[in-house]
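J.: Just to be clear, the model below is a prediction. Sequence and coordinates:
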Amino acid sequence: QLVESGGGLVQAGGSLSLSCSAPGVTFNMYDIGWFRRLPGKEREFVAAISWTGDKTLFGDSVKDRFTVSRDNAKNTVYLQMNDLKPEDTAVYYCAGRSARIVLVDTPDSYDYWGPGTQVTCSS
């Protein structure tokens, strides 16, 4: 099981950092993805990071504003969100899958999911 934390309310232009952890599980052999679900819409890919942390992938809408990193010693992956916009308001989910050569951005490729954390950006 994965668990997200760090969501909350922020004004436009502000920053938030989300964390994804896996209590009791060593997930240093897992690629981790971040997705979000905007109100009334399908899940949208946000970012992904390889199990080694040397590869990252970002969705077009967050590129240049969000970064993703991981600390395998702490079993934690981080999503740093900068210059937040009202259209970033969504429930954010982290997801995991066994490490592969290539990172992917499709939700169905991931096997394990957290319950999500709400991020709200006000204008």
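T.: Happy to help now that I have it.
J.: ok, how many other residues are close to Trp113?
T.: Residues near Trp113, counting by other C-beta atoms under 10 Å, number 17. Every C-beta, even on glycine, is put in place using the N, C-alpha and C of the backbone.
J.: Can you give me the pLDDT of it?
T.: Confidence at Trp113, expressed as pLDDT, is 96.
J.: can you give me the helices in this structure?
T.: In the chain, no helices are defined using DSSP state H.
J.: how close does the residue nearest the centre of the chain get to Ser123?
T.: For the chain, Trp34 is the residue whose C-alpha lies nearest the centre (C-alpha atoms, centre = their mean; 2.6 Å). When distance is defined by C-beta to C-beta, to the nearest Å, Trp34 is 23 Å away from Ser123.
J.: you'd agree Trp34 is up against Val68?
T.: Yes - counting by C-beta atoms under 8 Å, Trp34 does reach Val68; the two are 6.7 Å apart.
J.: circling back to that earlier point, contacts only, for the closest residue to the residue nearest to the centre of the chain other than its chain neighbours.
T.: Leaving out its chain neighbours, the residue that sits closest to Trp34 by C-beta to C-beta, 6 or more residues apart in numbering is Val46, at 4.1 Å. Shown in contact with Val46 (C-beta atoms under 8 Å, 6 or more residues apart in numbering): 33-36, 58-59, 62, 66, 79, 92.
J.: Taking the residues you listed together, which two end up most distant?
T.: Maximum pairwise distance among these (C-beta to C-beta): 14.0 Å, between Phe58 and Tyr92.
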